[in-house]
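Trainee: Mind looking at a prediction? Sequence and model below.
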Amino acid sequence: MAGVRFAERYAALGGRAEVTVYGAEPCAPYNRVLLADVLAGRYDASGIGMPAGPAVLRTGAEVTAVDTGARTLRLAGGESAAYDVLVLATGAEPVVPPVRGLRAPSGAFKGGVHTLRTLDDCRWLAKEAAGGGRAVVVGGGVLGVSTACALAALGLSVEIVQQAPHLVERHLDAQAGAVLRSGLARLGVAVRLGTEVRALRGAERVTGVELSDGTLLPADLVVPACGVRPRTGLALAAGLPVRTGVVVDDALRCGPGVYAIGDCAEHRGVVHDHAGPAWEQADVLAARLSGAAPDAVYGGSRPRSRLTAGPLEYAVFGEAAGPDPGLEVLRLADATRGSYKKLVLRDGQVVGGILLGDLATVGALARAYERAAPPPADVLHLMTGQGA
Ligand SMILES: Cc1cc2nc3c(=O)[nH]c(=O)nc-3n(C[C@H](O)[C@H](O)[C@H](O)COP(=O)(O)OP(=O)(O)OC[C@H]3O[C@@H](n4cnc5c(N)ncnc54)[C@H](O)[C@@H]3O)c2cc1C
């Protein structure tokens with residue numbers, strides 16, 4: 001997503017160099033954020049493509065090595081290509097938890113076990129789900145919740161196993177997590193909190209999931225959704241700086257003529273795994289390299305997160321989940337409507353917020369958070385839309 005966004009913006013801003021986008025996946029670039037909606041059948045795969053402007057698209061073209069001295073790259077098929085400037089946008093890959101019995105003797109996942117990261121994964125999961133049955137999603141973060149909703153929409157009986165004491169613990173507080181859990185229950189998704197998957201049962205194919213508290217959940221399908229890690233192998237082998245991600249400076253540079261953006265990049269010690277920061281980085285780099293704003297720098301992204309999973313949705317801004325020392329916190333919860341709203345203020349300025357189940361004021365809250373507009377005299381307006 002970051003690579004293709006860069007290519008599109010670079011040309012739109014007047015960049016004159018020829019851009020080639022190499023992608024290992026067999027299909028044209030697409031909006032990965034919408035994969036759970038494709039799985040649920042809300043979008044067709046052909047409807048989530050992303051424009052790349054006049055760039056040359058090379059699909060099914062995995063880059064296997066980069067020589068930053070000679071400025072050349074090598075493809076899996078043996079072909080080499082020269083470049084003047086290289087932008088790494090290799091994304092991230094799912095973290096697979098160290099669970100006994102996850103893999104068959106061949107080393108591949110056992111039948112019925114699959115992660116969700118690509119359109120191919122989506123097709124595989126949709127095919128498996130067509131048989132109905134019981135699914136267990138391992139991980140109750142944003143990815144686990146959206147995957148669970150999609151599988152439930154396909155008619156499976158779904159259970160999320162979440163290690164943390166509440167859902168989406170990176171973004172939501174405990175109260176919001178509880179409201180989200182009720183929303184999931186209404187969609188037929190059960191949630192087990194504070195417990196881990198210890199092992200998978202079944203020989204060639206999964207038949208059940210064993211939890212750390214001794215419970216055995218029967219399962220025909222298991223989806224690990226335990227976060228992602230930046231894909232850095234190419235950069236590492238090329239001698240580029242890698243910590244968690246490919247280390248970039250404020251110009252998004254990681255080596256001579258080499259830049260990194262999106263989920264693979266680490267900037268000021270932060271690795272993002274969201275489309276928003278990937279977009280912002282792509283836009284800054286396109287402005288720099290096209291000449292439209294040669295001095296543009298990336299100063300970091302303000303934390304924001306959004307989930308839309310069928311009828312369940314939330315938006316989170318900034319410091320919204322923590323214990324709030326020294327901050328002023330306003331909360332509104334409506335159990336019958338399944339909504340929860342929280343506003344976090346420091347010295348009258350909005351520094352965080354959660355809207356769950358009712359996003360009517362999301363635009364006003366986003367503007368106040370980005371300081372694009374001063375908070376209204378009656379900040380309740382940001383939660384209710386009334387009283388400004
Ligand atoms: C199911 C799902 C739901 C999501 N929902 C949200 C959401 O609601 N909101 C949000 O902000 N974010 C969401 N995300 C995260 C978001 O999709 C990512 O942050 C975004 O895709 C990052 O873009 P990227 O370009 O860095 O990486 P990617 O989109 O992963 O693209 C990297 C591409 O590089 C290719 N590649 C890697 N190595 C090579 C190589 N050596 N040669 C050639 N090609 C290579 C990969 O095949 C891949 O196609 C979701 C992700 C998933 C999987």
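Mentor: Happy to help now that I have it.
Trainee: for the stretch 51-200 of the chain, what spans make up the helices?
Mentor: 119-129, 142-153, 174-186 (DSSP state H, counting those that start in this stretch).
Trainee: Going by proximity to the ligand, name the top residue of the stretch 1-150 of the chain.
Mentor: Gly91 (2.5 Å; CB to the nearest ligand atom). Yep, even glycine has a C-beta here, placed from its N, CA and C like the rest.
Trainee: ok, back up a step: most tightly surrounded among the helices of the stretch 51-200 of the chain?
Mentor: Most buried of the helices of the stretch 51-200 of the chain, by mean neighbour count (mean count of other CB atoms under 10 Å): helix 142-153, with a mean of 26.
Trainee: how far is it from where the chain is centred?
Mentor: In terms of CA atoms, centre = their mean, to the nearest Å, the centre of helix 142-153 is found 13 Å from the chain centre.
Trainee: Can you give me the pLDDT of the residue of the stretch 1-150 of the chain closest to the ligand?
Mentor: Listed pLDDT for Gly91 reads 98.
Trainee: okay if I get the helices of the stretch 51-200 of the chain as CSV plus mean pLDDT and distance to Phe6?
Mentor: Converted to CSV, those look like this (pLDDT from 0 to 100; distance: least, CB to CB, whole Å):
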stretch, mean pLDDT, distance to Phe6
helix 119-129, 95, 20
helix 142-153, 96, 24
helix 174-186, 95, 34
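Trainee: about what we covered before: any idea how far Val4 is from the residue of the stretch 1-150 of the chain closest to the ligand?
Mentor: Computed as CB to CB, to the nearest Å, the Gly91 to Val4 distance reads 11 Å.
Trainee: Settle it for me: which of those two has more neighbours?
Mentor: Val4 (24 against 21; other CB atoms under 10 Å).
Trainee: Surely the more buried one is in a strand?
Mentor: No - assessed with DSSP: H, G, I helix; E, B strand; the rest coil, Val4 is helix; it does not lie in a strand.
Trainee: How about the residue of the stretch 1-150 of the chain closest to the ligand: what's its closest non-neighbour residue?
Mentor: Setting aside the residues directly before and after it, Gly91 is nearest to Asp263 in space (CB to CB, 6 or more residues apart in numbering), at 4.7 Å.
Trainee: Please name the bridge partners of the closest residue to Arg243 other than its chain neighbours.
Mentor: Nearest residue to Arg243, sequence neighbours excluded (CB to CB, 6+ apart): Glu266, at 5.7 Å. Note on Glu266: beta-bridge partners Val247, Val271, judged by DSSP bridges.
Trainee: ok now do Glu266, which residues does it touch?
Mentor: Taking CB atoms under 8 Å, 6 or more residues apart in numbering, we find Glu266 in contact with 230, 242-248.
Trainee: cutoff 6 Å now
Mentor: 243-245, 247 (CB atoms under 6 Å, 6 or more residues apart in numbering).
Trainee: Repeat that for Ala260.
Mentor: Contacts of Ala260 by CB under 6 Å, 6+ apart are 88, 246, 248, 254.
Trainee: Residues touching stretch 93-105, excluding its own?
Mentor: 109-110, 115, 117, 197, 199-200, 204, 224, 226-229, 231.
Trainee: Can you turn the buried part of the residues you listed into a ChimeraX selection?
Mentor: Buried members of the contacts of stretch 93-105, defined by 16 or more other CB atoms under 10 Å, are picked up in ChimeraX with:
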select :109,110,115,117,197,200,224,226,227,228,229,231
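Trainee: Keep only the contacts of stretch 93-105 that also lie close to the ligand.
Mentor: 117, 231 (CB under 6 Å from any ligand atom).
Trainee: can you list the contacts of stretch 93-105 in a markdown table and add pLDDT?
Mentor: Shown next, in a markdown table, are those (pLDDT from 0 to 100):
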| residue | pLDDT |
| --- | --- |
| Phe109 | 95 |
| Lys110 | 95 |
| Thr115 | 97 |
| Arg117 | 97 |
| Val197 | 96 |
| Ala199 | 97 |
| Leu200 | 97 |
| Glu204 | 90 |
| Pro224 | 97 |
| Cys226 | 96 |
| Gly227 | 94 |
| Val228 | 97 |
| Arg229 | 98 |
| Arg231 | 98 |
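Trainee: Name the nearest residue to the closest residue to the ligand within the stretch 151-300 of the chain, ignoring sequence neighbours.
Mentor: The minimum distance from the stretch 151-300 of the chain to the ligand, using CB to the nearest ligand atom, falls at Gly262 (2.2 Å). Sequence neighbours aside, Ala2 is the residue nearest to Gly262 in space, at 2.9 Å (criterion: CB to CB, 6+ apart).
Trainee: Any stretches of the stretch 151-300 of the chain with poor pLDDT?
Mentor: In the predicted model, the stretch 151-300 of the chain carries no residue with pLDDT under 70.
Trainee: what does it put close to the ligand?
Mentor: Going by CB under 6 Å from any ligand atom, the residues of the stretch 151-300 of the chain near the ligand are 231, 234, 262-264, 273-276, 278.
Trainee: which two in the residues you listed are spaced the farthest apart?
Mentor: Leu234 and Gly276 (24.1 Å; CB to CB).
Trainee: Between those two, tell me which one has more neighbours.
Mentor: Shown here are Leu234 and Gly276; by other CB under 10 Å, Leu234 has more neighbours (19 against 15).
Trainee: what residues are up against Leu116?
Mentor: Thr147.
Trainee: Look up how far Gly291 lies from it.
Mentor: For Leu116, the distance to Gly291 - CB to CB - is 39 Å.
Trainee: same check, this time on Val191
Mentor: On the measure of CB to CB, Val191 and Gly291 end up 51 Å apart.
Trainee: again, but for Phe109
Mentor: For Phe109 relative to Gly291 (CB to CB), the value is 47 Å.
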